[in-house]
Each structure stands twice: as C-alpha cells, then as structure tokens.
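J.: model this:
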Amino acid sequence: MIMTFSSARRLLLLVALVALVTTSRGVAQQPASGPGPEPSPSPSQTQQEPVPPVDSDEDLRRLIQQAGGSETQLITSLEGYLRRWPRTQRRSEIEEEIYKLAVKVRDRDRILSYGPQQIEQNPESVDVLGEMVTALRERRQSGDLERARGYAEQLVREFESLLAARPKPRRLSQAQWEEQKQQGRASVYLTRGRVYADLGEDEKAKRDLLQSAQLAPLAITFLALAEVAERRKTPPPDADEVLGYLRQSLLYGLIEGAEDIDLPSVRHRLRTHYLARHQTETGLGDQLLTDLDAHLQRQAQRIARLAPPHSNASAATGTDALAFRLSRPEGAPLDLATLRGKVVVMNFWATWCGPCRTELPLFEKTIERYRNDPSVSFLAVTTDEDREAVLPYLRQYGYQLPVVFADGLGEFFDVTSIPTTIILNSAGKVSSRLRGYNPREDFVALLQQRIEEAKAAPSTPQ
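T.: Next up is the predicted model:
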C-alpha cells in the first residue's frame, strides 16, 4: 500500500514549521568573542538544570522517511514517536494524522482508539462520528452497540444543525443543493436506523429507515427494512410489506450495482417469501417491472428538476456553435446566428469562481476597446446552475457586461474549467482558447492580440 503524498508532506511541513519557530524563539544568545576574561557564572546559573527537550524534529523526520511509503508502517512509527516523546507539543496533530491513516487502511481498532479524541476536539465532525459508528457495529464487543447508538444520535443532531447553519453553495442551484442535503440526511438516518435495528429497537429503526428511503432510496435501506419487518412479532409480519421491501432492495441493488448487499441472497429471500405467499412465482416479474417503471418516472422527474432542459438539444449534437440560442438574465434570448460573420469572444465564468472575479473587469476593459468595432461581439457566458444568483452578483460588482447563460454551450466547446475564453473567427470556427487566469500575463493585451488574429483569418471556411 502506497502512502499518500499529502500524509507525509503534512507531517514534514509540520516538522519544518516547528523547527523554524523553535529556532526563532529558543536559540540562546552566545556571548560576544573578544579579549578579556569570561564572566563568572552567577550562583543561579550554576544551579540551573538544563530543560529536557519535549520534541525531536530529527527523530520525527527520520521516522517519516523510514516508513518507506507504507501507511501502516507510518502509523507504527508515529505511535513510537509519541511513546518516546510523550510531552510533544505536536501530539494533537500527530494523533489526527494517525486517525486519518487508520481510516485509510481500515484499521478498526485504531479508529476506535483515536476517534474519540478527534470528536472531543471537534464535536461537529460528522465524518468521524460516522466512522466510529461503523467501527463499533463491526466489532460488537460488550457495550459497543450502546456506544454506537450514542455516536449515531450525535451524528444526526450535528448533521441537522450543520445543514441548518450552512448556506447554499453558490455553484449549486437550489434543486442541486436540496438534492445534496437529501442524500446526506438519508445517509445519517440510515446509519442511526441500522444501529437501532442492531439493538432490537425496531420501531425507532423503521422510522429512521423509512425516512432515509424517502430521501434517497438505496438497496441496503430496503433490505434493512425487510429484516425489521420479518422479525416483528406483534402484530405478525405483513407478508406483502416484506415482499415490497425485498423487491425494492433487489431493484435498487441491480440499478446501483450495490456491493454492500448480496444480491443472490436477496433474490433467494424474495423467491422464498413470494412462494410462501402465492405458492407460485407467477406475477413476481410483473411486480418488479411495475417497480422499475415507477423508479424510471421518479428518476426522470429528478433529472428534470436538477438539470432543466435547454432549447439547444439539436444544436448540441451539431457542429455549428452559432446555431445556439442563449437565454439572458434580463431581456429576450440571443440567437447566436445573428452574430454570424463577426468575431465572437466568449468568456465562460461563474459567480462562485474566484479568478473570474479578477478577470471579468479585464474582459470588460477589452470590450470597451472594441466599442466602436462592429466586426467583434463579446459575450460573458455564465455557467451558474443557480441562475437567480447572477443578477445580484452583477449589480454587487457593478459589471456592465453582455451576459448570457451557457444553455449547453459549455459542453459543446468542452469547457472543463473556468475562466475560459473562446474566440470564434468570422467563419464561426474556434480561432483561440484561453484557459484559466494567469496573473503574470497582461490579459487585456493577450486577448486583444488573439482577437486581431481572429479578425485576420479567412471569412469563409477553408
């Protein structure tokens, strides 16, 4: 197993930083050399004991290097360092690194050993809480499931608080943000529901598992619901309820390619329950197809909500960029065909993009230089999923830009990073592409040079 560069690098940087601080703060000043007798030490100086060191930069550096790229060996070496230097000022950082490495190599015992310290330092760490629940459910020693319950309940509380306090990321539309929140909540309720099921608290388990399935249906969730329903004694298990959960588990297992459930086992259990209920398998396939149709309908609705269809489906499959029709934050849509015969300069940007904030004023400055040149047109093409964020952003920074929404144009040009500037010559072909913002370059001068090159290109395709 190869050690990640970031693990070793973090520790080596830590060593270098502490060494620098120690050097700047703790180096004793040496007496100036010169003639004359050395002053006699005072009684307090002769009696003062040297302060024992609490760290060794060299020792830590050597141990990191001796790990030889092995994450498991690095864990052992770091633990040896802590035993040798128990008063080290770097204990919390080293313990955090050991925990991260333990998660990476799935060292359950060390996760359980170092995880509580990470939670104590950051009670809102939902990742650590989730890892602790998983490790305790796997180990299942005396008291482990009770501990897992406590961590799982804390996980749900902290995650809900986190969602309530966290604003929507600017790069996401409201629908995408809601989708992410639903998936996260589905995960934490599934985690707590499985712990309740382990403890035999079936009503609590069913409540959490149903909530998880409603937020984001997963094969493992429906399988857990089936198991809870199967063992119910009062009232007796409802055969149709169990069959419904098993069908959903099989369906989503096939759709997801789920690796956390045994699909042949689920299929066998489904067959057994269906035969017990109907004495034949006739009709089971029809029910599965009905479940699939319902899933496909929900999936289509979900896709429409997350990525509203744009009007450029036919243009996106063609080769003519000027066949696109782009909507604007304000005003009527823009048919790029009206720009045919011109040099078209398109700057792809987004409200959440830091470099774009630096480049857009320069793009605006370039537009001003060509204000009286009718042969060149400029477009500030926003890639924002959250369209409602665009106008407030433009007003906040006072931009006067010809803004249009990408509406599939970014995919057409394979824009994979922003800012990106694409220049079409008068024949409608890509003349130049500038990726990213380079502060060491004069963007306005470079863009003007590329525009002049595009103007000089032949006006008809070669």
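J.: So Leu447: helix, strand or coil?
T.: Secondary structure, DSSP: H, G, I helix; E, B strand; the rest coil: Leu447 is helix.
J.: Where does pLDDT dip in the stretch 201-350 of the chain?
T.: Segments of the stretch 201-350 of the chain classed as low confidence (criterion: pLDDT under 70) are 307-318.
J.: Can you identify each of the strands in it by residue range?
T.: In order along the chain, the stretch 201-350 of the chain carries the following strands (DSSP state E, counting those that start in this stretch): 325-326, 334-335, 343-349.
J.: tell me the most buried of these?
T.: Ranked by mean neighbour count under mean count of other Cβ atoms under 10 Å, those are led by strand 343-349, which reaches a mean of 25. (C-beta placed from N, C-alpha, C; glycine too.)
J.: So in that sheet, which strands flank that strand, and in what orientation?
T.: The pairing partners recorded for strand 343-349 under DSSP bridges are strand 376-382 (parallel), strand 420-424 (antiparallel).
J.: Which strands or helices does the helix or strand following the longest one pack on?
T.: This means strand 376-382. Taking DSSP states H and E as the definition, the helix or strand that follows strand 376-382 towards the C-terminus is helix 390-397. When contacts are defined as 3 or more Cβ pairs under 8 Å, 6 or more residues apart in numbering; DSSP states H and E, helix 390-397 packs onto strand 403-405.
J.: Give me the buried positions along the helix or strand following the strand it packs on.
T.: With elements assigned by DSSP H and E, the helix or strand that comes after strand 403-405 is helix 409-412. Residues of helix 409-412 classed as buried: 409-410, 412 (neighbour count, 16 or more other Cβ atoms under 10 Å).
J.: Show me which positions of stretch 205-224 end up buried.
T.: With burial defined by 16+ other Cβ under 10 Å, the residues of stretch 205-224 counted as buried are 205-206, 208-209, 211-213, 215-224.
J.: does Arg433 sit in a helix or strand, and which one?
T.: According to DSSP H and E, Arg433 maps onto strand 430-435.
J.: Which secondary structure elements does that strand sit against?
T.: Packed against strand 430-435, as judged by 3+ Cβ pairs under 8 Å, 6+ apart, are the following elements: strand 420-424, helix 443-456.
J.: Identify the residues contacting that strand?
T.: Contact partners of strand 430-435, identified using Cβ atoms under 8 Å, 6 or more residues apart in numbering, comprise 343, 413, 417, 420-425, 446-447, 450, 453-454, 457.
J.: one step back: any idea which of the strands paired with strand 343-349 gets closest to Pro237?
T.: Distances from Pro237 to each of those were compared using Cβ to Cβ; the shortest belongs to strand 376-382, at 54.7 Å.
J.: Off-centre distance for the closest one?
T.: A distance of 31 Å separates the C-alpha centroid of strand 376-382 from that of its chain, computed with Cα atoms, centre = their mean, to the nearest Å.
J.: If you compare the directions of it and helix 390-397, what angle comes out?
T.: With axes from the mean of the first three to the mean of the last three Cα atoms, to 10 degrees applied, the angle from strand 376-382 to helix 390-397 works out at 110 degrees.
J.: Contacts for strand 376-382 next, please.
T.: Residues outside strand 376-382 that contact it (Cβ under 8 Å, 6+ apart): 326, 329, 334, 339, 342-351, 360, 363, 366-367, 370, 390, 399, 401-406, 409-410, 451, 455.
J.: follow-up on the earlier one: the helices and strands packed on strand 430-435 into JSON lines, with extra columns for distance to Ser125, mean pLDDT and mean neighbour count?
T.: Written out in JSON lines, the entries for these read as follows (distance: least, Cβ to Cβ, whole Å; pLDDT from 0 to 100; neighbours: other Cβ atoms under 10 Å):
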{"stretch": "strand 420-424", "distance to Ser125": "36", "mean pLDDT": "96", "mean neighbour count": "23"}
{"stretch": "helix 443-456", "distance to Ser125": "41", "mean pLDDT": "94", "mean neighbour count": "17"}
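J.: Quick check, pLDDT for Arg170.
T.: The pLDDT attached to Arg170 in the predicted structure is 73.
J.: Next one: the residue lying closest to Lys455 once chain neighbours are set aside from Ser375, what distance?
T.: Here the nearest residue to Lys455 in space, its sequence neighbours aside, is Val343; by Cβ to Cβ, 6 or more residues apart in numbering that works out to 5.5 Å. Between Val343 and Ser375 the distance, using Cβ to Cβ, to the nearest Å, works out to 6 Å.
J.: Tell me which of the strands paired with strand 343-349 sits nearest to Arg194.
T.: For the strands paired with strand 343-349, proximity to Arg194 was assessed by Cβ to Cβ; strand 376-382 is nearest, at 42.7 Å.
J.: Send me the closest one as PDB with only the CA atoms.
T.: Presented in PDB, the C-alpha positions along strand 376-382 are these (Å, rounded to 0.1, in the frame of the first residue of the first chain):
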ATOM      1  CA  VAL A 376     -16.400  42.000 -33.000                       C
ATOM      2  CA  SER A 377     -19.000  40.800 -30.500                       C
ATOM      3  CA  PHE A 378     -18.500  39.900 -26.800                       C
ATOM      4  CA  LEU A 379     -20.400  37.500 -24.600                       C
ATOM      5  CA  ALA A 380     -19.900  36.900 -20.900                       C
ATOM      6  CA  VAL A 381     -21.300  33.300 -20.700                       C
ATOM      7  CA  THR A 382     -22.200  32.400 -17.100                       C
END
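J.: who wins for proximity to Arg277 among the strands paired with strand 343-349?
T.: Taking Cβ to Cβ as the criterion, Arg277 comes closest to strand 376-382 out of the strands paired with strand 343-349, the separation being 55.7 Å.
J.: Compute the inter-axis angle for the closest one and helix 443-456.
T.: For strand 376-382 against helix 443-456, the angle between stretch directions is 130 degrees (the same axes, to 10 degrees).
J.: ok, back up a step: want to throw the helices and strands packed on strand 430-435 into TSV with distance to Tyr189?
T.: Rendered in TSV, the data for the helices and strands packed on strand 430-435 read as follows (distance: least, Cβ to Cβ, whole Å):
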stretch	distance to Tyr189
strand 420-424	40
helix 443-456	49
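J.: Tell me which of these approaches Thr290 most closely.
T.: For the helices and strands packed on strand 430-435, proximity to Thr290 was assessed by Cβ to Cβ; strand 420-424 is nearest, at 46.1 Å.
J.: Work out the gap between that closest one and the centre of the chain.
T.: Taking the mean of its C-alpha atoms, strand 420-424 sits 29 Å from the chain's own mean (Cα atoms, centre = their mean).
J.: which outside residues touch it?
T.: Strand 420-424 has contacts (Cβ under 8 Å, 6+ apart) with 321-322, 343-348, 363, 413, 415, 430-436, 447, 450-451, 454.
J.: Quick check: Leu155 vs Met132, distance?
T.: Taking Cβ to Cβ as the measure, Leu155 and Met132 are separated by 9 Å.
J.: Same check on Leu210?
T.: Leu210 is 25 Å from Met132, by Cβ to Cβ.
J.: which residues does Leu218 contact?
T.: Taking Cβ under 8 Å, 6+ apart as the criterion, Leu218 is in contact with 186, 190, 212, 252, 256, 258.
J.: Tell me the one among those nearest to Gly68.
T.: Gly68 has its nearest neighbour among these in Ala258, at 36.6 Å by Cβ to Cβ.
J.: what about that closest one, how many residues close to it?
T.: Ala258 has 18 neighbours, counted by other Cβ atoms under 10 Å.
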